[in-house]
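[1] Following is a predicted model, sequence given first.
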2 protein chains.
Amino acid sequence: MQLDDLGEFALIDRIVAHLGEAAARDIVVPSGDDAAAWTTVEGYAVATIDALVEGTHFRRDTMSMADVGWRAVAANVSDLAAMGAEPQYLLVATLLGPDVTLEDVDGLAQGIGEACAAMGVRVAGGDIVRAATTGLSIAAYGRARQTTDDIPALLRRGGARPGDRVAVSGHIGAAAAGLVLIQTGRSNHVAAAPLVRAHRRPVGRVALGRAALALGVRCAIDCSDGLLQDLGHIAQRSHVGIEVALAQVPVHPAAVELLGAQAALDLALGGGEDFELVLTGGREALMALDTEDVPVSLIGRVVAEHPGEVIAWAEDGSVYEPPRRGWDQTRDTGER
Amino acid sequence: MQLDDLGEFALIDRIVAHLGEAAARDIVVPSGDDAAAWTTVEGYAVATIDALVEGTHFRRDTMSMADVGWRAVAANVSDLAAMGAEPQYLLVATLLGPDVTLEDVDGLAQGIGEACAAMGVRVAGGDIVRAATTGLSIAAYGRARQTTDDIPALLRRGGARPGDRVAVSGHIGAAAAGLVLIQTGRSNHVAAAPLVRAHRRPVGRVALGRAALALGVRCAIDCSDGLLQDLGHIAQRSHVGIEVALAQVPVHPAAVELLGAQAALDLALGGGEDFELVLTGGREALMALDTEDVPVSLIGRVVAEHPGEVIAWAEDGSVYEPPRRGWDQTRDTGER
C-alpha cells in the first residue's frame, strides 16, 4: 500500500488506529468534526505550540519517524510541565514531504501514541497536509488550578527571588551527548544507550512540575535551549542574577565516559533539548522533590546582584566561558 | 535590517509589535513564558489546528504574506464558527523558508493582526522556526456554552435530520473564481475585486454560527473543500441524503460575468476555501439568519433516502456531474 493510494480521510482513520488509546474518543467532540471539543472547569487553560521540522530539528538519518513523533509530543508536554500544568489534549498538524512513505506516517503515529501513553496526554484532533518538507506542529492544552488566594497555581519564568536555590532534574546534556554519539557513529557503544534514548525519547517532567507547585515552588523553565540560556531566561524575566556551581551540574556519567568531562559539561550548559526542569525555590522544597526515578540536584542560587546575568563558577574560582553560544532558532539552520 | 541580523527573541518582539491589539497581553500568562494561560469557565473548550504551506495552499505570486497570515487565521476561525463556538485565542507556529525576508515576516504578522481584529480573536503564543519551506500552523481555541439540558451548544456535522432544509451563507465559489482570475492575469478587471478579496481575505462566519445555534440550528460545516464535498461530510456523518437545487446555489454575479455561468457553478460546487457556512435546520430558522451583510440562501433539503449521498439537480431534472473530484489534500500537491 502506497501513501498516494489512500485518500485524506482513509489516512486519518489509519493514523487514529495507530494512535490507539492516545486518540481521545470519549471527549465531547472527537476528531472528525470541524473542531474538537471537551469540557472545561473554572480555572485556567494552559496552552503552547511547537514546530519540529526536518533539517532544523531532526534528520531522518539520526531519528526514526517514531522518534520524531515522540519528541514533538515531549517538547510540548514539557512546556506545560514547566508551568506546573496538567497536560490534557494535543492538536497535531503534520506536514508530509515528498519522500514520506506510508510506513513513515505509521511510524510517526506510533511514536506519537507511545509518547502520549508515557506522558498522560491524548490527541483531540489534527490536520495533515502535503508540503515541500516534513514536520510537525503540535499544540498542547492543559489546565491549572486556582489557589485558595485566587492566584493561578503556575510555575513562571518570572518567579525567581533572591535567596532561592536553583535545581535541575535528571541529567543535563544527555540528549546533546546522545546526538553527538549518533553523528559520530558511536551510538552502538554499550554505554551510549541512555544518552541516545535521552535524545530520541525524552520525557516531559509533568509529575515533577506539579509536585513542585504543591510544595510552594513558583518558578521553572524546561531545559530546551541549553542550561545557561534557559537560566538566562529566568534571570531576565525575574530581574535577578543566577550563580551556578559547575561541579554540581548533573552531567551524565556515560557522557563523561564516552566524551570526556569537559565536553559533557559543555553539552550540558549549551546543548539543550533535555526537557528536564530547571526550578528555583526554597532549598527544602527543592530537595524534597528528589526521587530515585527523577533525581533533582541543587546547582546554584538566585542573587540580587547582576540582574539578568547567569554566572557559572568552576571549583577553582574561574568563570565558565561557553565554547559557543546557545542555540538561536532563527540563525541556525543546521541540524540539532 | 536583515532577518538574520535579528535573534529569535528580537524577532518575536517585532512580531508582537506588528500584531498590535491582536497580541493577547492581558491574559493570565501572555507570550514569553513556557506556555500561555487564560481563565476558563465551566463549559466546553473547542479547538482546531490547520496547516497552510507554500506550494500546497498558497503561492507567493498569487498572495502576499499578509494575505497568507490573514487566510491562516480565517481558516481556523472558520472551523470554530462552524461549531457555533466563540473563538478566543490563537497559537501560531511559523515556518520560515530560506527565501523569507524580514519584510515578509512583518507582512505576515500584519495580516494575522488584521484578521484577528476582523474576526475577534487574539494571539496568545507561538513558535517561529527556520525550515526548508514556508508555512503556518495555527491552533485556535474557543468556547461553547452549556445548554439548559446539559448538552453542549454546538453545530455538528452529524446533526442533520431528514426534513431539514440546507442553507449556505454568502456566495459560493467566489474564492476559487478569484484564484482563477489571479492565475489568468485578470485580477485587475474592475468586476474581479470581490472575488480576489474572497480568495485573499476570507472571513470566518462567527456571528452567523452563534446566531444559528441560538435559533436552534444544530448542524453546520464550513465550506472549505468545495460545496459538494462539504455536503458529503454532513451526509455521511448524519447518515442522511442531501438534495441540492443547482439553480439556488448562490454563485457570485461577478464570477458569472467574468467566467461564465457553468464555470462559476463548477467552482462553487468543487472549488472550496470560501469559508462560508453550510447549515441544515428548520426553514424558518435558516431564513431568519439571512441579513444584508451576510446573505443566507436555501439551496436544498435533507432526505432519508440515499444516506451518505449528495445529489445536485439542475432545473431540467438532470443530475450534476462534477468536472473533477473535490480536493484531496494527500493527492494534490499543486497550488490551490
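    On my side now, so go ahead.

[2] A:Thr40 bridge partners, please.
    Under DSSP bridges, the beta-bridge partners of A:Thr40 are B:Gly43.

[3] swap in the one 10 residues further on?
    With beta bridges defined as DSSP bridges, A:Asp50 has these partners: A:Ile138.

[4] Please tell me I have it right and it contacts A:Leu80.
    No: between A:Asp50 and A:Leu80 no contact is recorded; they are 10.9 Å apart, counting by Cβ atoms under 8 Å. Any C-beta I mention is one placed from the backbone N, CA and C, and that applies to glycine too.

[5] And the helices in the stretch 51-200 of chain A?
    Secondary structure of the stretch 51-200 of chain A (DSSP state H, counting those that start in this stretch): helices at A:65-81, A:102-119, A:174-183, A:193-200.

[6] what phi and what psi does the backbone show at A:Asp33?
    phi -110, psi -170 (degrees, to the nearest 10).

[7] Could you report the neighbour count for it?
    Using other Cβ atoms under 10 Å in any protein chain shown, A:Asp33 has 25 neighbouring residues.

[8] ok, the closest residue to it other than its chain neighbours - contacts?
    If the residues on either side of it in the chain are set aside, A:Asp33 comes closest to B:Arg157, at 5.2 Å by Cβ to Cβ, 6 or more residues apart in numbering or on different chains. Under the criterion of Cβ atoms under 8 Å, 6 or more residues apart in numbering or on different chains, the neighbours of B:Arg157 are A:32-34, B:219-221, B:233-234, B:237-238.

[9] three-state assignment of A:Val46?
    Under DSSP: H, G, I helix; E, B strand; the rest coil, the three-state class of A:Val46 is strand.

[10] Let me see the backbone angles for the residue nearest to it when sequence neighbours are not counted.
    Nearest residue to A:Val46, sequence neighbours excluded (Cβ to Cβ, 6+ apart): A:Ala85, at 3.8 Å. In terms of degrees, to the nearest 10, the main-chain angles of A:Ala85 are phi -90, psi 160.

[11] Show the contacting residues for A:Ala85.
    Shown in contact with A:Ala85 (Cβ under 8 Å, 6+ apart): A:44, A:46, A:142-144, A:154, A:209-210, B:35, B:37.

[12] Pick the most deeply packed of the helices of the stretch 51-200 of chain A.
    Greatest average neighbour count among the helices of the stretch 51-200 of chain A goes to helix A:65-81 (a mean of 28), per mean count of other Cβ atoms under 10 Å in any protein chain shown.

[13] looking just at contacts, which helices and strands does that one meet?
    For helix A:65-81, the packing partners by 3 or more Cβ pairs under 8 Å, 6 or more residues apart in numbering or on different chains; DSSP states H and E come out as strand A:43-53, strand A:86-96, helix A:102-119, strand A:135-144, helix A:193-200, helix A:206-214, strand A:219-222.

[14] could you dump those to a markdown table with mean pLDDT and distance to B:Thr280?
    Formatted as a markdown table, these follow (pLDDT from 0 to 100; distance: least, Cβ to Cβ, whole Å):
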| stretch | mean pLDDT | distance to B:Thr280 |
| --- | --- | --- |
| strand A:43-53 | 95 | 31 |
| strand A:86-96 | 97 | 27 |
| helix A:102-119 | 97 | 33 |
| strand A:135-144 | 96 | 30 |
| helix A:193-200 | 96 | 48 |
| helix A:206-214 | 95 | 42 |
| strand A:219-222 | 97 | 46 |
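
[15] could those go into a markdown table alongside distance to B:Glu103?
    Listed next are the helices and strands packed on helix A:65-81 as a markdown table, based on distance: least, Cβ to Cβ, whole Å:
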| stretch | distance to B:Glu103 |
| --- | --- |
| strand A:43-53 | 22 |
| strand A:86-96 | 24 |
| helix A:102-119 | 34 |
| strand A:135-144 | 24 |
| helix A:193-200 | 37 |
| helix A:206-214 | 40 |
| strand A:219-222 | 32 |
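
[16] Under the pLDDT cut-off, which ranges of chain A? List them.
    A:147-151, A:324-336 (pLDDT under 70).

[17] Walk me through the domains of it.
    With automatic domain parsing as the criterion, the domains of chain A are listed as A:3-144, A:157-313.

[18] which residues are contacting stretch A:297-311?
    By Cβ under 8 Å, 6+ apart, the list of residues contacting stretch A:297-311 reads A:160-169, A:228, A:231-232, A:235-236, A:238-245, A:248-250, A:280, A:283, A:286-287, A:290, A:312, A:319.

[19] Weed out the non-buried ones from these.
    Neighbour counting by 16 or more other Cβ atoms under 10 Å in any protein chain shown classes A:160, A:164-169, A:228, A:231-232, A:235-236, A:238, A:240-244, A:249-250, A:280, A:286, A:312 among the contacts of stretch A:297-311 as buried.

[20] Give me the subset of those that also touch chain B.
    When these are checked against chain B using Cβ under 8 Å from any Cβ of the partner chain, none falls in range.

[21] Show me those residues that map onto strands.
    Among the buried ones among the contacts of stretch A:297-311, the ones falling in strands (DSSP state E) are A:165-169, A:241-244, A:280, A:312.

[22] Pick out the most distant pair among the residues you listed.
    Within these, A:Ser169 and A:Gly241 form the most distant pair, 22.3 Å apart (Cβ to Cβ).

[23] A:Pro75 contacts A:Asp50, correct?
    Quick fix: residue A:75 is Ala, not Pro. Yes: with contact defined as Cβ under 8 Å, A:Ala75 counts as touching A:Asp50 (4.8 Å).
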